[in-house]
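Visitor: what would the 3D arrangement of this be:
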Amino acid sequence: MIAVEPRPSNRALLAVGIALAGFILLYWHVMYQLGMAWYTDDNYSHGFLIVPLALYFAWERRHKLFEAPIKPSVFGLVVVVGSILVLLAGLLGAELFLTRISLLGTLVGFVLFLGGWRTLRVLAFPLGFMLLMIPIPAIIFNQIAFPLQLLASRAGEYAMTVADVPVLREGNVLVLANTTLEVAEACSGIRSLISLLTLGIVLGHFADQRTWARVVIALATIPVAILANGLRIAGTGIAAAYFGAQAAEGFFHTFSGWLVFVFAFAMLLAIQRNIAWLVPGNPERASASTEVSAR
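Guide: The predicted structure is shown next:
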């Protein structure tokens with residue numbers, strides 16, 4: 001017997017179409033600026049993947065969406081109006097973060113107004129996932145990046161000392177016998193942390209059905225990113241001590257960044273496999289979930 005999926009009514013499709021057209025008209029400039037930020041800022045180049053993944057996560061929940069009763073909530077209009085006010089405040093104050101958060105707020109308001117609270121709960125994860133595409137405000141970014149710079153410097157100093165490489169650390173500057181290395185903001189590890197966090201959330205979503213396991217995998221990206229970046233700084237310092245300052249620049253520096261990211265992902269994958277091995281999930285429940293997703 002072939003299951004027939006319920007189809008939304010023409011009236012519902014018309015309402016969604018009007019809301020989508022209004023959303024694009026209102027936020028096209030914000031979306032353009034956001035795309036340019038992904039293109040020009042290496043810290044957020046993963047932003048191009050967020051929307052397609054969020055759409056896929058929403059598609060995974062299509063059966064639950066069809067089953068959820070359509071009970072529009074007037075509170076959704078309140079959320080939309082409030083988000084538009086935030087958009088105006090961001091435009092007047094030239095604050096990009098406010099305009100981008102307003103975009104998500106308006107999207108949440110539309111879902112709530114057109115579908116109701118049940119629909120919003122079903123789409124909570126895809127909508128929350130889209131927060132990863134929005135660059136952090138500069139004031140918060142700097143508050144995170146600078147401690148990471150110092151932490152990476154300390155880790156690099158410790159590893160080089162263990163490797164018997166003479167080094168003197170002054171803040172985020174590592175003084176070697178033949179050169180001086182500065183752990184700049186780009187080398188603080190925040191770039192790999194943001195990308196690895198996104199990767200960890202996606203890995204947890206596909207690899208484990210349990211919420212607590214997904215949270216653990218996502219949180220594990222923080223120490224993994226810090227450790228991997230510390231090893232990169234140490235490796236760069238050791239290479240510079242033996243082969244000169246050119247070993248810390250150009251191709252080697254770029255290649256080491258990619259190599260360390262692959263190493264960090266391997267560590268994250270190992271953590272996920274260990275969780276699955278130490279605390280096995282319910283195979284019947286997992287297979288049932290897979291069947292539902294495949295229908």
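Visitor: so for the host helix or strand of residue 229, what's the average pLDDT?
Guide: Using DSSP states H and E, residue 229 sits within helix 211-243. Per-residue pLDDT values across helix 211-243 average out to 84.
Visitor: what's the answer for stretch 132-145, then?
Guide: On average, the pLDDT along stretch 132-145 is 82.
Visitor: that stretch: how far from the chain's middle?
Guide: Remark: stretch 132-145 is offset 12 Å from the chain centroid, using C-alpha atoms, centre = their mean, to the nearest Å.
Visitor: ends of that stretch, what's the gap?
Guide: 17 Å (C-alpha to C-alpha, to the nearest Å).
Visitor: so which residues make contact with it?
Guide: 34, 37-38, 41, 43-44, 46-47, 50-51, 95-97, 100-101, 104, 185, 188, 190, 194, 197-198, 201 (C-beta atoms under 8 Å, 6 or more residues apart in numbering). For every residue, glycine as well, the C-beta is placed using N, CA and C.
Visitor: give me that answer again for 7 Å
Guide: Defining contact as C-beta atoms under 7 Å, 6 or more residues apart in numbering, one finds that stretch 132-145 is touched by 37, 41, 44, 47, 50-51, 97, 100-101, 185, 188, 190, 198.
Visitor: check stretch 168-185 too.
Guide: Residues outside stretch 168-185 that contact it (C-beta under 7 Å, 6+ apart) are 145, 149-150, 152-153, 156-157, 166-167, 233, 236-237, 240-241, 244-245, 248.
Visitor: can you do 8 Å?
Guide: Outside stretch 168-185, the residues within contact range by C-beta under 8 Å, 6+ apart are 145-146, 149-150, 152-154, 156-157, 160, 165-167, 233, 236-237, 240-241, 244-245, 248.
Visitor: double-check that residue 280 belongs to a helix.
Guide: No: per DSSP: H, G, I helix; E, B strand; the rest coil, residue 280 lies outside any helix segment and is coil.
Visitor: measure residue 44 to residue 203 for me?
Guide: 19 Å (C-beta to C-beta, to the nearest Å).
Visitor: ok, residue 136 next?
Guide: From residue 136 to residue 203 the distance is 22 Å (C-beta to C-beta).
Visitor: those two: which is more packed in?
Guide: For the pair residue 136 and residue 203, the greater number of neighbours falls to residue 203 (21 against 16), based on other C-beta atoms under 10 Å.
Visitor: wait, what's in contact with that one?
Guide: Contacts for residue 203 (C-beta under 8 Å, 6+ apart) come out as 217, 268, 269, 272.
Visitor: which of those tops the neighbour count?
Guide: When neighbours are taken as other C-beta under 10 Å, the top entry among the contacts of residue 203 is residue 217 (24 neighbours).
Visitor: contacting residues around that residue?
Guide: Contacts of residue 217 (C-beta under 8 Å, 6+ apart): 200, 201, 203, 204, 207, 208, 268, 271, 272, 275.
Visitor: neighbours around the fifth one, how many?
Guide: I take that to be residue 207. By other C-beta under 10 Å, the residues close to residue 207 number 15.
Visitor: now the last one
Guide: Applying other C-beta under 10 Å, we find 21 other residues in the vicinity of residue 275.
Visitor: ok, now which ones touch it?
Guide: Residue 275 neighbours (C-beta under 8 Å, 6+ apart): 208, 213, 216, 217.
Visitor: can you redo those as a markdown table with distance to residue 260?
Guide: Formatted as a markdown table, those follow (distance: C-beta to C-beta, whole Å):
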| residue | distance to residue 260 |
| --- | --- |
| 208 | 25 |
| 213 | 25 |
| 216 | 22 |
| 217 | 19 |
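Visitor: and the residue most central in space within the chain, what pLDDT?
Guide: Centroid-nearest residue in the chain, with C-alpha atoms, centre = their mean: residue 198, separated by 3.3 Å. What the model reports for residue 198 is a pLDDT of 90.
Visitor: show me how far the host helix or strand of residue 113 is from its chain's centre.
Guide: Using DSSP H and E, residue 113 maps to helix 96-115. Between the centre of helix 96-115 and the centre of its chain there are 18 Å (C-alpha atoms, centre = their mean).
Visitor: ok, the residue lying closest to residue 151 once chain neighbours are set aside - contacts?
Guide: Leaving aside its chain neighbours, residue 151 sits nearest to residue 226 (6.2 Å; criterion: C-beta to C-beta, 6 or more residues apart in numbering). Applying C-beta under 8 Å, 6+ apart, we find residue 226 in contact with 148, 151, 152, 155, 189, 193.
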